[in-house]
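when you get a sec, could you give me coordinates for this:
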Amino acid sequence: MERCLFCVNGVVFLANLILSAQAMLEPIDFLALQSVRKSLNDLPGSSFFAAWDFTGDPCDFPGVYCNRDGEKVTALNLGDSRAGSPGLAGRIDPAVGELSALTEFTIVPGRIFGALPRTLSQLKELRFLAVSRNFISGEIPAGLGQLRSLQTLDFSFNQLTGSIPPAIGTLPALTNAVLCHNRLSGAIPAFASRALTRLDLKHNQLSGELPPLGLPPSLTYLSLSWNRLTGAVDGQLSRLSRLNYVDLSMNRFRGGIPSNLFDFPITSLQLQRNQFSGELQPADDVAIPTVDLSFNQLSGEIPPSFSTVQNLYLNNNRFTGQVPGSLVERLLLSGGGIQTLYLQHNYLTGIEIDPTAEIPASTSLCLQYNCMILPVQTPCPSRAGKQRTRPAAQCTVH
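Sure, this is the predicted structure:
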């Protein structure tokens, strides 16, 4: 006679199929998945958890991936990853740390609240950790520095506070660190990984100077904008010759801009709204499509080598002298020339341009509030003000 597993009103329910399904996955992982499921729910319009029926094999659940033997969960991707799909709501249960073979853990954008469980530090095999665009709060657990295999760390667009644990910077395999759009404060730690290519810390409350030699030369993407960072960066930037995107805008950086930076394979150089000073001295023609150095304290004459830039923002600085003729030539070139040339709010004394010249309709030129009578009238941004020419007294003093 078969053993009675469940008896309800005298009816015998044999759970052979249930037991055989559960036996495929180790009990610890099975119970961990149950706890994770209980702590999360589908947002209206989402049906991600509809197929999470624990009478079947959890390795067949959407977002659950197991090893070849089906005994351990190796990846957990929670939520429908299709663009525009509703996400999940709830909290991340600490039981996720029991999935000892987990190499990847992600949650799609949604309404996940609460702190990051400290049990994440138990996932020694974890290589990819991404919980972005939710409402995660609290501090980043320092224990994540124990995940020596971690390659991608993405907690962007949340409500994290506190400092970035120095232990995060010691992760030897880290290639992507994306912590932007949070409320992080304190200093940027030194990053030891020589595989790090992307560092995105923009839109936080970080302060202090960049760590000496703390940015590895492997970096190709660097975004630190909208923080409270200070100090000189020329020594740091001049070493990062692989950079193809740089955004240090909206900080308090000071000092000079290294000349070799303009030789790097950068597609966008954003250094606006800082306290950079000194003259610009690119060695060769600048091949960077977009260069924004506006709202700084840069001085001297504008280098002719900037004539090869498509979108050039040098406004609100202290530039003097004539606008280089090479910039004018490229400006008047129909198609393939300069598209944006903002030179307003400087101390420029002249520009050689035919007042009857036809500036291409696709080109934006602004010259107002300099030490010259404008030879051409072109539309400027409204924030440039209404005054066409800088007061003569300012030009004399300068």
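
average pLDDT across stretch 375-386?
Confidence for stretch 375-386, expressed as mean pLDDT, is 89.

wait, stretch 168-179
The average pLDDT for stretch 168-179 rounds to 98.

who touches that stretch?
Applying CB atoms under 8 Å, 6 or more residues apart in numbering, the contact partners of stretch 168-179 are 127, 132, 140, 144-145, 147-156, 160, 164, 189-193, 195-201, 204, 214. C-betas here are computed from N, CA, C, even on glycine.

in the stretch 51-200 of the chain, which spans are strands?
Counting by DSSP state E, counting those that start in this stretch, one finds strands in the stretch 51-200 of the chain at the ranges 64-66, 73-78, 88-91, 104-107, 111-113, 128-131, 137-138, 152-154, 159-160, 176-178, 185-186, 198-200.

of those, which is nearest residue 122?
Taking CB to CB, strand 104-107 is the member of the strands of the stretch 51-200 of the chain nearest to residue 122, at 11.8 Å.

what packs against the closest one?
Counting contacts by 3 or more CB pairs under 8 Å, 6 or more residues apart in numbering; DSSP states H and E, strand 104-107 is packed against strand 73-78, strand 128-131.

so which of those is nearest residue 233?
It's strand 128-131; of the helices and strands packed on strand 104-107, that one is closest to residue 233 (CB to CB) at 28.6 Å.

return the set of buried residues in the closest one.
Within strand 128-131, the residues that count as buried by 16 or more other CB atoms under 10 Å are 128, 129, 130, 131.

how about stretch 276-291?
276, 280, 282, 286, 288, 290, 291.

follow-up on the earlier one: reformat the helices and strands packed on strand 104-107 as TSV; add distance to residue 354.
As requested, the helices and strands packed on strand 104-107 are exported to TSV (distance: least, CB to CB, whole Å):
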stretch	distance to residue 354
strand 73-78	61
strand 128-131	55
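
pull the distance from the longest helix along the chain to the chain's centre.
Ordering each helix of the chain by length in residues (DSSP state H) puts helix 27-39 first. How far helix 27-39 lies from its chain's middle: 32 Å, per CA atoms, centre = their mean, to the nearest Å.

which one of the buried residues of strand 128-131 is nearest residue 348?
Nearest to residue 348 among the buried residues of strand 128-131, counting by CB to CB, is residue 130 at 47.4 Å.

check contacts around that closest one.
So, once contact is read as CB under 8 Å, 6+ apart, residue 130 ends up touching 105, 106, 107, 152, 153, 154, 155.

ditto for residue 249
Applying CB under 8 Å, 6+ apart, the residues near residue 249 are 225, 226, 270, 271, 272, 273, 274, 292.

now do it against residue 305, distance only.
Counting by CB to CB, to the nearest Å, the gap from residue 249 to residue 305 is 22 Å.

turn the strands of the stretch 51-200 of the chain into CSV, columns for distance to residue 309.
Conversion of the strands of the stretch 51-200 of the chain to CSV gives the following (distance: least, CB to CB, whole Å):
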stretch, distance to residue 309
strand 64-66, 47
strand 73-78, 42
strand 88-91, 45
strand 104-107, 38
strand 111-113, 42
strand 128-131, 35
strand 137-138, 42
strand 152-154, 32
strand 159-160, 36
strand 176-178, 28
strand 185-186, 35
strand 198-200, 24
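
residue 220 is nearest to which of those strands?
Nearest of the strands of the stretch 51-200 of the chain (CB to CB): strand 198-200, 7.0 Å.

before we move on, the earlier item: show me the buried residues of stretch 276-291 that map onto strands.
Counting by DSSP state E, those place 276, 290, 291 in strands.

double-check the first one against residue 297; I have them as touching.
Yes. Counting by CB atoms under 8 Å, residue 297 is a contact partner of residue 276 at 6.6 Å.

now residue 143: how far from residue 95?
From residue 143 across to residue 95, the span is 16 Å (CB to CB).

okay, these two: which has more neighbours?
The residue with more neighbours, out of residue 143 and residue 95, is residue 95; 20 against 16, by other CB atoms under 10 Å.

for that one, what are its contacts?
With contact set as CB under 8 Å, 6+ apart, residue 95 has these partners: 31, 32, 35, 36, 119.

okay, now the unreliable bits of the stretch 51-200 of the chain?
The stretch 51-200 of the chain contains no residues with pLDDT under 70.

and if we set it to 90?
Applying pLDDT under 90 to the stretch 51-200 of the chain picks out residues 83-84.

quick one, helices of it?
166-169 (DSSP state H, counting those that start in this stretch).

likewise for the stretch 201-350 of the chain?
Going by DSSP H, counting those that start in this stretch, the stretch 201-350 of the chain shows helices at 234-237, 325-332.

could you export those as TSV, including mean neighbour count?
Formatted as TSV, the helices of the stretch 201-350 of the chain follow (neighbours: other CB atoms under 10 Å):
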stretch	mean neighbour count
helix 234-237	18
helix 325-332	19
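
would JSON lines of these with mean pLDDT and distance to residue 83 be doable?
Below are these laid out as JSON lines (pLDDT from 0 to 100; distance: least, CB to CB, whole Å):
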{"stretch": "helix 234-237", "mean pLDDT": "94", "distance to residue 83": "35"}
{"stretch": "helix 325-332", "mean pLDDT": "94", "distance to residue 83": "39"}
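
which among those helices is found nearest to residue 362?
Comparing these against residue 362 with CB to CB, the closest turns out to be helix 325-332 (11.2 Å).
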